[in-house]
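Next comes the sequence, and after it the predicted model I'd like to discuss.
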Amino acid sequence: MAARWLAALKTPVGAVSAAMLLSVLTLAVLAPILWSGQAEEINTRAILQGPSPEHPVGTDSLGRDLFFRLLVATGLSVKLALAATGIGVCVGLVLGAVPSLLSRRIGRLVTAFVNIAVAFPGLLLAMFFAVIFGVGQTGAVLAIGFATAPSFARLTQTLIATQSERDFIAAAKLAGVGRVQRLIRHILPNIAEPLVVTATIGAGSSLLAFAGLSFLGLGVQPPAYDWGRLLNEGLNDIYLHPMAALAPGLAVVIAGLAFNLFGEAVAKTLGAPTPFAGKGAAPQRVRPTAVESSADVEPSTSSRESSAVLTVSDLFVSFPGPAGPITPVRGVSFSLAQGEAVGVVGESGSGKTQTALALAQLVEYPGSVTASRLEFLGQDQLSSPSPAKRQLLGTSFAMVFQDPMKSFNPTMRIGTQLAEVAQRHQGMNRRQALARAADRLRAVRVPAAERRLRQYPHEFSGGMRQRAMIGMGIMGNPALIVADEPTTALDVTVQQQVLRLLSTIKEENNVAILLISHDLTLVGQVCERVLVMYAGRIVEDLPATDLAERSLHPYTQALLAAVPDMETDRNQPLAVVPGRPADPSNVPAGCAFASRCPKADDHCTREDPQLVQQEDGHRVACWHPSRGTGQRVSVELKLPAAALQGEAS
Ligand SMILES: Nc1ncnc2c1ncn2[C@@H]1O[C@H](COP(=O)(O)OP(=O)(O)OP(=O)(O)O)[C@@H](O)[C@H]1O
């Protein structure tokens, strides 16, 4: 952080404003110590004099030297402005954080209050509070502090909301880290920098506001004096001695500019948002709600269920939309057996990620999740949360996100983040937890594990970070790893290493894997079973070995036909699934795929087919299922040999 602040000094504005700020702060500390005597010295022979070599700014009505008074007033002016800013930041932090900590209703009330307060001009609010808190220094500090708090609260809310959407917060939530701990350990360190920058800019505004209140007689009271008071006194004789009013005014402007320009220069270097950069409460995650089961939505019944790690029936996820609810997941049902790897494929927007988030209870408010059954390791996830449930999810349910850069908290060492799970759920002390973390990093083939534990996420390569994320997932004893496009952000070689690692963990620990991907070939490499999703529903559930030759749904066949292979004619345009995916806010009646399906008839557009189990355990939701092969697909069911090499790179 210090290095990035220092980088601001390399810009011309940064360098000049830093020099100005340093001078102001030095004066604020030294002037009252060095020149208080001269500033207080009364000289009845030199009353109300104009500027002269002896008194560069002139004298006041008691013959006191205004230059020394100006210098000494720097101390009180800066001290009070900083105190007011401190109060503004603290109250703003509390107001900004409350919506993410308390119930949604209280959060909404606080957000509405902040929004109203932000709409008032700051100085008006300060005068209003000054009347409430009383005339004088303390009243003015409180008044300006409370008047600036709403803009800090707004900024805090916005920053918390942004951070709350990041994957490492979802990971912390899944690991059972409570709201307060998430805020203190994971969110605040990541928003501290823009808050400090904004506070620096805010100190300049507080300085101006304080001078304003003192000038109006509401702030500093005689015999104490700050720049506002000197301005007030100088104004009485402005026609005789304009310098007496101009000099304190100039001091306020220069000091205010120093704070403002320095803050702006740092903000520009960091790209930090300003206090008015948006609004909104921090997102809160919703818990699935139980609903009555509708017909034909039970997960596939087979021997899998007896050893099921996960069973879900009739899962719906919806969000309020401008023209009615948007439902990206519409009645998903399936189960996952111990040690089974299942792939979820489908075009963008088909509901894959929302399904995974709902299973991990990570869908954010205002989304809502309902299901008639949701069991993880035999434990009902639809009833109220309990410590036992959080413990089970924290140790047995691991999630690997798409972008390894966002999966870790950038302000914490990798070791601390891995150790958090073991300390929280396995009763280990920090030393034991770090030893376990080193062991887990070795298990995911991260070389020099002990040294790596002390590094920050940015010191890891993309592939290494993804492996460390998987390592974090196996800090406990996971029964299920949900990997949402875990290799999309990685190059092909590293992609193969990560897939290989997932397969090894699955084999060695009998862990079930739910692998979400656009890539049918990749899913075919790792998974035994494939769920094909379209418009928020599973339209086909088939063994991966059947993908190439025995798929039944026209959508699966269209996806397969769109996979290019070595024989694809490069002179021809690549095959695509014709038409556009269904809009989750306006899913058509009947089969959602009908408008893109070559086999569709009236029946398809009238009635939505249910997911029906076939004789071979294969499930399909289609009125006209027929065996078909994707024209171009060649799904490799074994990992290529190249994937086994270069693991530690
Ligand atoms: N906060 C939200 N508000 C409204 N709709 C949302 C919200 N979040 C997601 N959606 C809906 O969910 C759909 C995306 O679902 P999801 O992310 O599960 O798709 P996906 O199959 O994983 O897509 P991709 O492969 O691109 O990640 C969006 O198209 C949108 O309609």
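Here it is on my side, so go on.

Please identify the buried residues of the host helix or strand of residue 505?
Here residue 505, judged by DSSP states H and E, is contained in helix 492-509. Residues of helix 492-509 classed as buried by neighbour count (16 or more other CB atoms under 10 Å): 494, 495, 496, 497, 498, 499, 500, 501, 502, 503, 505, 506. Every C-beta, even on glycine, is put in place using the N, C-alpha and C of the backbone.

of these, closest to residue 247?
Closest approach between these and residue 247, by CB to CB: residue 494, at 64.8 Å.

nearest residue to that closest one other than its sequence neighbours?
Nearest in space to residue 494, with sequence neighbours left out and distances taken as CB to CB, 6 or more residues apart in numbering, is residue 463 at 3.4 Å.

And the one you found, how far from residue 444?
As judged by CB to CB, to the nearest Å, residue 463 and residue 444 stand 11 Å apart.

do residue 201 as well
On the measure of CB to CB, residue 201 and residue 444 end up 44 Å apart.

what about these two, which has more around it?
Neighbour tally, residue 201 and residue 444, criterion other CB atoms under 10 Å: the higher count belongs to residue 444, 24 against 20.

Phi, psi for the more buried one please.
phi -100, psi 20 (degrees, to the nearest 10).

Tell me the residues of this protein that contact the ligand?
Residues of the chain lying near the ligand by CB under 6 Å from any ligand atom: 319, 326, 328, 346, 348-354, 367, 518, 584.

In strands only, show me those residues.
319, 326, 328 (DSSP state E).

Is it correct that the second one is in contact with residue 318?
Pointing back at residue 326 there. Yes - using CB atoms under 8 Å, residue 326 is in contact with residue 318, at 6.4 Å.

So for those two, which residue has more residues nearby?
Neighbour count, other CB under 10 Å: between residue 326 and residue 318, residue 318 has more, with 22 against 18.

Break down the stretch 251-400 of the chain into its helices, ranges please.
352-359, 387-396 (DSSP state H, counting those that start in this stretch).

Include mean neighbour count and mean pLDDT when you put those helices into a markdown table, please.
Shown next, in a markdown table, are the helices of the stretch 251-400 of the chain (neighbours: other CB atoms under 10 Å; pLDDT from 0 to 100):
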| stretch | mean neighbour count | mean pLDDT |
| --- | --- | --- |
| helix 352-359 | 25 | 92 |
| helix 387-396 | 17 | 78 |
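
how far does stretch 511-521 sit from the chain's center?
In terms of CA atoms, centre = their mean, to the nearest Å, the centre of stretch 511-521 is set 25 Å apart from its chain centre.

and what of stretch 133-148?
In terms of CA atoms, centre = their mean, the centre of stretch 133-148 is found 34 Å from the chain centre.

Longest helix of this protein, counting residues only.
In the chain, assigned by DSSP state H, the helix with the most residues is helix 66-101.

And it, what does it pack against?
In terms of contacts (3 or more CB pairs under 8 Å, 6 or more residues apart in numbering; DSSP states H and E), helix 66-101 is packed against helix 12-40, helix 104-119, helix 137-164, helix 179-181, helix 188-215, helix 227-235, helix 242-270.

Which of the helices or strands spans the residue nearest to residue 494?
Using DSSP H and E, residue 463 sits in helix 462-473.

continuing past that helix, what's the next helix or strand?
strand 480-484.

so that following strand versus helix 492-509, what angle?
Orientation check (axes from the mean of the first three to the mean of the last three CA atoms, to 10 degrees): strand 480-484 against helix 492-509 gives 170 degrees.

which outside residues touch strand 480-484?
With CB atoms under 8 Å, 6 or more residues apart in numbering as the test, strand 480-484 has contacts from 309-310, 336, 352-353, 356, 359-360, 376, 396-402, 470, 473-474, 502, 505-506, 511-516.

repeat that with 6 Å
Applying CB atoms under 6 Å, 6 or more residues apart in numbering, the contact partners of strand 480-484 are 309-310, 353, 356, 397-402, 473, 511-516.

do stretch 142-156 as well
So stretch 142-156 is contacted by 84, 87-89, 91-93, 95-96, 114, 117-118, 122, 125-126, 129-130, 133, 198, 202, 206, 209, 275, 279 (CB under 6 Å, 6+ apart).

in the protein, which residue is closest to the centre?
Centroid-nearest residue in the chain, with CA atoms, centre = their mean: residue 163, separated by 2.1 Å.

per-residue confidence at that residue?
According to the predicted model, the pLDDT of residue 163 comes to 80.

when you give positions from now on, start the count at 636
Yes, from this point I'll number from 636; that puts the last item at residue 798.

Enumerate every residue touching it.
Contacts for residue 798 (CB under 6 Å, 6+ apart) come out as 822, 825.

tell me the domain ranges of the protein?
637-678+688-905, 924-1012+1114-1255, 1040-1112 (automatic domain parsing).

Need the pLDDT of whichever residue of the stretch 636-785 of the chain sits closest to the ligand.
The stretch 636-785 of the chain approaches the ligand most closely through residue 739 (15.4 Å), counting by CB to the nearest ligand atom. pLDDT, residue 739: 78.

Share the number of residues neighbouring the closest residue to the ligand within the stretch 1136-1284 of the chain, please.
Closest residue of the stretch 1136-1284 of the chain to the ligand, CB to the nearest ligand atom: residue 1219 (4.0 Å). When neighbours are counted by other CB under 10 Å, residue 1219 registers 23.

That one is in contact with residue 960, isn't it?
No - at 9.2 Å, residue 1219 does not count as touching residue 960 under the criterion of CB atoms under 6 Å.

Low-confidence regions, the protein specifically.
Applying pLDDT under 70 to the chain picks out residues 636-640, 904-941, 1019, 1039, 1124, 1199-1212, 1263-1284.

any idea how far residue 953 is from residue 1143?
Counting by CB to CB, the gap from residue 1143 to residue 953 is 39 Å.

just to revisit the earlier point, my guess is the residue nearest to residue 1129 contacts residue 1130. True?
No - taking contacts as CB under 6 Å, residue 1098 lies outside contact range of residue 1130: 8.2 Å.

Am I right that residue 1175 is in a strand?
Yes - the assignment for residue 1175, made by DSSP: H, G, I helix; E, B strand; the rest coil, places it in a strand.

How many residues are close by it?
Neighbour tally, residue 1175, other CB under 10 Å: 27.

Could you do residue 983 as well?
Using other CB under 10 Å, residue 983 has 8 other residues around it.

May I have the phi/psi pair for it?
Per degrees, to the nearest 10, the backbone of residue 983 is at phi -60, psi 140.

residues in contact with it?
Contacts of residue 983 by CB under 6 Å, 6+ apart: none found.

let's see 10 Å
1153, 1216 (CB atoms under 10 Å, 6 or more residues apart in numbering).
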